[in-house]
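Enquirer: one predicted model, sequence on top.
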Amino acid sequence: MSGMRNRNAKALNGNAKRCFKLMIVDDSNLMRRRIERSQQFEGLQLVGTAGNGLDALELFKRTDPDVVTMDITMPRMDGIECIGQLVALKPAVRILVISALADKATAVEAMERGANGFLEKPFTDRQLNEAIAELMR
Amino acid sequence: MLHEQELKTFVEGTTNFFEVTAQQPASIGSPYLMEGSPSVHEYTGVINISGKREGAVYFTAPKAMLTVLLMKMQENDFSHETMRDLVGEVANMISGNVRRDFGRDFVISVPSVLSGEKPQIRYKPGMRSFIIPINWRSHSAKLIVALT
């Protein structure tokens, strides 16, 4: 795992050692904690978590994150709608969709709205970190 | 009549969760058919299905199994809400598999969760359920497929 950490740290170093702000959006507390625990980027600082798209929008406006992990199926506002709104607020935001909805149509729709990556649930720690590393390049 | 591919999709959604998340594969027991309302464990994740088929798929597991699964996930919150979250996530994985394999032939609900001392699942008279035991470590859960 330390090798993974080093590779991830290098990916961030390539971005002038700045600290990136992370927001996690998922309607499951369990999944939010799992993503928080599993991501191992030294330069990624968690600024908050949200359980639905509407709360995510509010949190986004307050904390201005650079990186977002986004679930799709959520109450009040789903991930697809939320991605469009986040990108409209900050076109440079990098969004990793983390969802069990692994069909091609969902992935394409998310990408068309502005997502930068797609990770299928369930995932290993390694898969999560590789997906985030890819996002940060 | 359920097709083999349909059952495979439901089962793989469940076993894949154990294999990837807990890094320990689950095994499948001998499936059986039953009439009437099947008994469930303390926590049950549900997806309702309509379209090409009508009914529901349930993943039901005892608290002891979920506790060990949470430990394997490095989780340290073993509250009622976390248990509910966990079975909801397994139902979510099944739902994702169904969407991937059958597309819009199946209309799938957002997963819901049943819990409590003796939760009961909705039973339509005459409907038969296909029960698939899911064995993991020393614990056993059930996947209940009740579709017309």
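Expert: Sure, I can see it.

Enquirer: every contact and neighbour count from this point should use C-alpha atoms.
Expert: Fine.

Enquirer: how many residues are close by the residue nearest to B:M83 when sequence neighbours are not counted?
Expert: In this structure, B:M83 finds its nearest non-sequential neighbour in B:L66, 6.6 Å apart by C-alpha to C-alpha, 6 or more residues apart in numbering or on different chains. Neighbour count for B:L66, taken as other C-alpha atoms under 10 Å in any protein chain shown: 20.

Enquirer: apart from its chain neighbours, what residue comes closest to residue 94?
Expert: With no chain named, the answer covers chain A. A:V67 (4.8 Å).

Enquirer: um, chain B though
Expert: B:G13 (4.3 Å).

Enquirer: next one: phi and psi at the one you found?
Expert: Main-chain torsions, B:G13, degrees, to the nearest 10: phi -60, psi -30.

Enquirer: residues near it, how many?
Expert: Count around B:G13 with other C-alpha under 10 Å applied: 21.

Enquirer: please apply the same query to the one 3 residues further on.
Expert: B:N16 is surrounded by 21 other residues when neighbours are defined as other C-alpha under 10 Å.

Enquirer: separation between it and chain A?
Expert: Using C-alpha to the nearest C-alpha, to the nearest Å, we find B:N16 at a distance of 8 Å from chain A.

Enquirer: do you know how far that residue is from A:R18?
Expert: Using C-alpha to C-alpha, to the nearest Å, B:N16 is found at 37 Å from A:R18.

Enquirer: for the residue most central in space within chain A, name its beta-bridge partners.
Expert: For chain A, the residue nearest the mean C-alpha position is A:T69 (1.7 Å; C-alpha atoms, centre = their mean). On the basis of DSSP bridges, A:T69 is bridged to A:I24, A:L96.

Enquirer: isn't it up against A:I95?
Expert: Yes. Using C-alpha atoms under 8 Å, A:T69 is in contact with A:I95, at 5.8 Å.

Enquirer: so for the residue nearest to the centre of chain A, what pLDDT did the model give?
Expert: pLDDT for A:T69: 97.

Enquirer: let me know whether the strand or helix carrying A:A131 sits next to chain B.
Expert: Following DSSP states H and E, one finds A:A131 within helix A:125-136. No. If you take C-alpha under 8 Å from any C-alpha of the partner chain as the test, helix A:125-136 misses chain B, and the best it gets is 8.9 Å.

Enquirer: same for that helix, what does it pack against?
Expert: helix A:2-13, helix A:29-38, strand A:94-99, strand A:117-120 (3 or more C-alpha pairs under 8 Å, 6 or more residues apart in numbering or on different chains; DSSP states H and E).

Enquirer: what angle do the second one and strand A:94-99 make?
Expert: Okay, so that is helix A:29-38. 130 degrees (axes from the mean of the first three to the mean of the last three C-alpha atoms, to 10 degrees).

Enquirer: who touches helix A:29-38?
Expert: The contact list for helix A:29-38 (C-alpha atoms under 8 Å, 6 or more residues apart in numbering or on different chains) reads A:24-26, A:46, A:49, A:51, A:125, A:128-129, B:73, B:75, B:82, B:85-86.

Enquirer: go through that helix and flag the buried ones.
Expert: A:29-33, A:35-36, A:38 (16 or more other C-alpha atoms under 10 Å in any protein chain shown).

Enquirer: which one of the residues you listed is nearest chain B?
Expert: Nearest to chain B among the buried residues of helix A:29-38: A:L30, at 6.2 Å, using C-alpha to the nearest C-alpha.

Enquirer: any idea how far that closest one lies from B:V87?
Expert: 11 Å.

Enquirer: after the lengthiest helix in chain B comes which helix or strand?
Expert: Assignment by DSSP state H gives helix B:80-102 as the longest helix of chain B. As assigned by DSSP H and E, the chain's next helix or strand after helix B:80-102 is strand B:106-108.
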